[in-house]
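Q: Turn this into a structure:
(chains A, B, C and D)
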Amino acid sequence: MDVLEEGKGELLAWHDPDEHRNWILENKSRSLEDKRMGLKEAVDKFVQDDNYIAMGGFGHIRVSMASIYEMIRQRKQNLIMAGKTAVHDIDILIASGCVNRVEVAYSFGHELRGLSPASRRAVEEGTVKVLAEISNAGFQWRFKAAAMGLPFIPTRVMLGTDTFKYSSAKVVKDPFSGKPICLLPACYPDVVFIHVHRCDKFGNCQIDGIMIEDFELARAARRLVVTTEEIIDEERIRNAPWRTVIPFYLVDAVVEVPYGSHPGNMPYLYYSDEEHMAEWLKLSRSPEGVKQYLENYVYGVKNFEEYLELIGGVKKLNYLKQVEQLRAPLKAPWAER
Amino acid sequence: MDVLEEGKGELLAWHDPDEHRNWILENKSRSLEDKRMGLKEAVDKFVQDDNYIAMGGFGHIRVSMASIYEMIRQRKQNLIMAGKTAVHDIDILIASGCVNRVEVAYSFGHELRGLSPASRRAVEEGTVKVLAEISNAGFQWRFKAAAMGLPFIPTRVMLGTDTFKYSSAKVVKDPFSGKPICLLPACYPDVVFIHVHRCDKFGNCQIDGIMIEDFELARAARRLVVTTEEIIDEERIRNAPWRTVIPFYLVDAVVEVPYGSHPGNMPYLYYSDEEHMAEWLKLSRSPEGVKQYLENYVYGVKNFEEYLELIGGVKKLNYLKQVEQLRAPLKAPWAER
Amino acid sequence: MEKKVEYNTTELMACAASKILEDGKSVFVGTGLPIIASALAQKTHAPNLLIVFEAGGVGPRIPMLPISVGDSRTFYKAAMATSMDYIMSTAQLGYMDYGFLGAAQIDMYGNINTTVIGSHDRPKARLPGSGGANDGGSLCWKTIILMGQDTRRFVEKVDFLTTPGYLTGPGAREKVGLPAGTGPYRVVTQLGIMGFDDKSKRMKLLSVHPGVTLEQVRANTGFDLIIPEKVTVTKPPTEKELKILRTEIDPAGMVIGKS
Amino acid sequence: MEKKVEYNTTELMACAASKILEDGKSVFVGTGLPIIASALAQKTHAPNLLIVFEAGGVGPRIPMLPISVGDSRTFYKAAMATSMDYIMSTAQLGYMDYGFLGAAQIDMYGNINTTVIGSHDRPKARLPGSGGANDGGSLCWKTIILMGQDTRRFVEKVDFLTTPGYLTGPGAREKVGLPAGTGPYRVVTQLGIMGFDDKSKRMKLLSVHPGVTLEQVRANTGFDLIIPEKVTVTKPPTEKELKILRTEIDPAGMVIGKS
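A: Prediction:
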């Protein structure tokens, strides 16, 4: 297969499919087993320094933020992160020193809120390295190639651009159409965290609303930790099996973490906490502010429940539910002039 | 891209992705439009002689059998069929002379019931040609490549076999692993019929139970006719948008056909009619029997409702519902010794 | 005290195949006997066997024998009801331990034909084709073949190589790009159970069913089957197994009634 | 009888972009101004405009301005809530008519930079990267770019080519394998609306906003912009449009308040 062009980005989290199959054979259980555990235990057990990590969800939507805070609390080091529309998650992981290398589709920004001061600073100062560039579809399809147990998947994006040149993709001539086509290498992250609406104790998961990339990412993951708003009885899963979007045999740990996506949005349950986001965006303009934020909200609390008390407790959580359900107006201090 | 090996099967229903994009641009509407029409009109309008057709569902499960009978009634000719686990559908289409060419993953058999006398006879006598062989996953992934707008998709099946040699796939050396890999060409059928549990008048569809290949097949189709057990109000779709598995913009016609999968199985609604299947399997042992069956059940009735009366009417349909819900034992005359 | 237990060949094959399956593993099953053998394993020694159907059913509680690998029984109270793409993808990823196949012809390397007898373009007998067999036989770690044994079926060369066994011998699967470390594992017939020699990848007799002689096995095999010095006798079905087969799994005798 | 209507630049850009969108077509939208322009089109001349979000929302009834292209507002009462794979796949298939992009830099061929200012490895300013921009700009039939215009942004050569415009000119997109017949269609800035010359694929001024001179446009463009003899004046926002923007689409002024 003649390669017409080759991206010079670092090839990350790729494995020869046979090598990955052997890993799956030896490391993943096909048994229905009770996989419930605490968040502290799950993060301690499955996240190793130097791992390539990816988060389910998108930006600040249905991201397992509780796991992010726990990784920071456990002071994980030298992580490489999939910047697959990474927003608040990557920003605080970089700010806290856990992540020092990134593959970027979208990172260092906070979508409508503007750019992310802390992580931009880290990249511009050279303390964080961008190892490869890619597009959003490119990331989605890297995970899809992995989900299918393939070495690569073709695509018609990224062609002709520097995004390609700084990626780990290759261009070949398609033997069917005779035209150049881009091949995206599979991406099998070492650890993936996905936050879901509900699952049973074995890890059979349901998600309401958009799936984003998680249908594929769950299969691409070597280790998969599911955090869930609630654990439900197995029979509820089995009465509507077409609602299962992640089957138990992919899942290594099930952790019940209500409000686990805060300060992000959990569709149908709670909207993002834009007051908290504004506080972070303001504080993170300086290294001192970053330190203050982390001391207060992460190192200074024992666990995610204590954090939830700190950000405003039941009252705040009720308000975010009302915003989500369009019953209260959104307060977004960052939008004020 | 060096081709190591090339299947000699005929490349069917493939288009250069750019040519297909142009077709989509010019022929598919992105508007929310009322697409309801009668089955006669839909089949007349969208099935042309010589078309490559594919049916949603699997074997005798959730197949739009009402459309099959209507194609026979309209005496469509020279159709090429995707034998993607085709069972009763392809057997009567071949027996009636509508289909004379097939791409085969699984055809000419009736699963647990044994082989299909009528279509086997046609192949063995040479009146029906097998243009290409493929596997079930191969077909699924041909549709997936099409669903993604790609010329091909890689896979690790079919390698080293005659199934490959008689397919339209190619083997190349994967530039990432250095190992040989099979490339399956996309398959964009001219017309696809998919039977669903419910949809709105625009074509937003919900399916209960397994999707089989339909999530991809709906996107691979040039023309897509949806037959549905019931048409529901748009608001029911919009209140649970994650249940939509086929969005309106893919759909060309919406046809309400209760029991439209008979004599097949519609999961959760009715089980397959094994008495009717047994009658067909017995009659189809001879050309005369085939003629008698078609005269009686297809040409001799005006439409699908008349057919439903003939196969046993309300009483039979109620019985099939009871079998599906495990409240009545299954009568399967073909299993009797 | 021992009572003579009556059983037919299909029941014997179902029980023998069932015992091959290990608890806590996954199995990719086809219609008929494979479902029966897998369900029996679940109800006996392998309660935590994950049964998966190519059309999308994952871990169902099968209430009665399905007629198709896609019918509603294959995802009754399942853990997940998904798509063929999903199942085939996770098989390609390495999640499927066992795959069951049927066959019209097989050769000494476990290569299988389910497509055509005679030539492809002018067939003597046209068969259904690969279905999911090529996929299961390519992607599952260990494939188990259930079929009848005679010289028309156990042949020197299959008329059409539908599903890969070890192809031309050691290393051949890997050379053509098939997943490493996969291949045929057992062949269960009405006469005995065969495996494959680790080195030569050729078919090897492991056990004969009760009452079957080595001579019968040889006479019904059209190629040179390895017959080791030690060949055991297949354990016959127990009363308990037969009761489960006849009253719970296939009470209508749709499959086991036909022997 | 004519009343002077007051509006800010963002409102003008939203209205101008909105008018480009045709009824009965589909649009692949990004955060902020694109959503606003698309929602305005739906509420005025294009009620049957299909709005699609890359994270999975298809045809929602947007109840308030989403903060992210994936947040719950992007699939509120949607026709379908699906995946990024699904959206990107149907874009690759040719179902997406318009794509909206923002940009930090653009060149005369509509090539866009949203990745980095300065060199990639030692950036002066690190920006978020492609996000879905490369995908939209590769796969949608017509892309519309919304951005500020000055000589630091309208440049001879972008520091990093994140998203393809016409690359090096006519035929270049097709030559590298991008879908045929696609490319940048309009660029809307605070000064005017640009298109692309059919033959040379170079950027061309189409209209200036009310009160803007050709001299201002030239002075804020760092490359040789084609200025045809006939340049029209952009239609200003109507009172009706402004009312919809301010009371229905962005009542909190999250985007249009910032001009």
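Q: check contacts around the most centrally placed residue in chain A.
A: Most central in chain A under CA atoms, centre = their mean is A:Met55, positioned 1.3 Å from the mean C-alpha point. Applying CB atoms under 8 Å, 6 or more residues apart in numbering or on different chains to A:Met55 gives the contacts A:Val63, A:Ser64, A:Ser67, A:Ile68, A:Ala82, A:Lys84, A:Ala86, A:Asp89, A:Val192, A:Phe193, A:Ile194. C-beta coordinates here come from the backbone N, C-alpha and C atoms, glycine included.
Q: Contacts only, for the spatially closest residue to C:Ser89 that is not a sequence neighbour.
A: Using CB to CB, 6 or more residues apart in numbering or on different chains and skipping the chain neighbours, the partner closest in space to C:Ser89 is A:Met148 (4.4 Å). Contact analysis of A:Met148 by CB under 8 Å, 6+ apart lists A:Arg219, C:Ser89, C:Gln92, C:Leu93.
Q: Mind checking what secondary structure the first one has?
A: The one in question is A:Arg219. helix (DSSP: H, G, I helix; E, B strand; the rest coil).
Q: What is the burial count for it?
A: For A:Arg219, the neighbour count with other CB atoms under 10 Å in any protein chain shown is 24.
Q: What distance do you get for the closest residue to chain A within the stretch 101-250 of chain C to A:Ala42?
A: Nearest residue of the stretch 101-250 of chain C to chain A: C:Ala180, at 4.2 Å (CB to the nearest CB). To A:Ala42, C:Ala180 is 32 Å away according to CB to CB, to the nearest Å.
Q: thinking again about what came up before, the residue of the stretch 101-250 of chain C closest to chain A contacts A:His20, doesn't it?
A: No - using CB atoms under 8 Å, C:Ala180 is not in contact with A:His20; the gap is 11.0 Å.
Q: Looking at these two, which has the bigger crowd around it?
A: More crowded of C:Ala180 and A:His20, by other CB under 10 Å: A:His20, with 20 against 16.
Q: What ranges does the stretch 101-250 of chain C have for its strands?
A: For the stretch 101-250 of chain C, the strands defined by DSSP state E, counting those that start in this stretch cover C:105-106, C:112-113, C:116-118, C:123-126, C:142-146, C:183-188, C:192-196, C:203-208, C:232-233.
Q: And for the fifth one, what's in contact with it?
A: Read it as strand C:142-146. Contacts of strand C:142-146 (CB under 8 Å, 6+ apart): C:13, C:17, C:20, C:33-34, C:37, C:97-103, C:106, C:110, C:112, C:136-137, C:182-189.
Q: now the angle from that strand to strand C:192-196?
A: On the basis of axes from the mean of the first three to the mean of the last three CA atoms, to 10 degrees, strand C:142-146 is oriented at 150 degrees to strand C:192-196.
Q: quick one: strands adjacent to strand C:142-146?
A: Using DSSP bridges, strand C:142-146 pairs in its sheet with strand C:98-102 (parallel), strand C:183-188 (parallel).
Q: Could you list the low-confidence segments of the chain?
A: Because you didn't say which chain, this covers chain A. Chain A contains residues with pLDDT under 70 at A:1, A:337.
Q: my bad, the chain I had in mind was chain C
A: Applying pLDDT under 70 to chain C flags residues C:1-3, C:258-259.
Q: And the helices in it, which stretches?
A: Applying DSSP state H to chain C gives helices spanning C:9-20, C:33-43, C:84-93, C:133-139, C:172-176, C:214-219, C:239-243.
Q: Just the buried residues of the first one, please?
A: By neighbour count, and taking 16 or more other CB atoms under 10 Å in any protein chain shown as the criterion, the buried residues in helix C:9-20 are C:Thr10, C:Glu11, C:Leu12, C:Met13, C:Ala14, C:Cys15, C:Ala16, C:Ala17, C:Ser18, C:Lys19, C:Ile20.
Q: In this structure the fifth one contacts C:Leu245, no?
A: Yes - when contacts are counted by CB under 8 Å, C:Ala14 is listed as touching C:Leu245 (6.2 Å).
Q: Give the residues shared as contacts by the two.
A: By CB under 8 Å, 6+ apart, the residues touching both C:Ala14 and C:Leu245 are C:Ile36, C:Leu40, C:Pro237, C:Ile256.
Q: hang on, the earlier thing: the nearest residue to the residue of the stretch 101-250 of chain C closest to chain A once chain neighbours are set aside is in what secondary structure piece?
A: In space, and not counting its chain neighbours, C:Ala180 is closest to A:Asp18: 4.2 Å by CB to CB, 6+ apart. A:Asp18 belongs to helix A:17-27 when assigned by DSSP states H and E.
Q: Burial check on the residue nearest to C:Ala180, number of neighbours?
A: For A:Asp18, the number of neighbouring residues by other CB under 10 Å comes to 21.
Q: Tell me the spacing between it and A:Arg219.
A: 17 Å.
Q: just A:Thr228 next, same as before
A: Separation of A:Thr228 from A:Arg219 (CB to CB) stands at 18 Å.
Q: Same question for A:Gly149.
A: Taken as CB to CB, the span from A:Gly149 to A:Arg219 is 9 Å.
Q: about what we covered before: ok, and the most crowded of the shared contacts of C:Ala14 and C:Leu245?
A: C:Ile36 (28 neighbours).
Q: Can you tell me the closest non-neighbouring residue to that one?
A: C:Ala14 (4.8 Å).
Q: Next up, the contacts around that neighbour.
A: C:Leu33, C:Ile36, C:Ala37, C:Leu40, C:Pro237, C:Leu245, C:Ile256.
Q: coming back round to it: out of the helices of chain C, the one nearest A:Gly7 is which?
A: Taking CB to CB, helix C:84-93 is the member of these nearest to A:Gly7, at 24.8 Å.
Q: what packs against that closest one?
A: Under the contact criterion of 3 or more CB pairs under 8 Å, 6 or more residues apart in numbering or on different chains; DSSP states H and E, helix C:84-93 touches helix A:17-27, helix A:214-220, helix B:136-147, helix C:133-139.
Q: neighbouring contacts of the first one?
A: This means helix A:17-27. Here helix A:17-27 has contacts from A:15, A:146, A:149-151, A:186, A:188, A:222, B:156, B:177, B:179, C:92-95, C:97, C:141, C:179-181, using CB under 8 Å, 6+ apart.
Q: just to revisit the earlier point, just checking, which of the helices of chain C sits deepest inside the structure?
A: helix C:133-139 (a mean of 32; mean count of other CB atoms under 10 Å in any protein chain shown).
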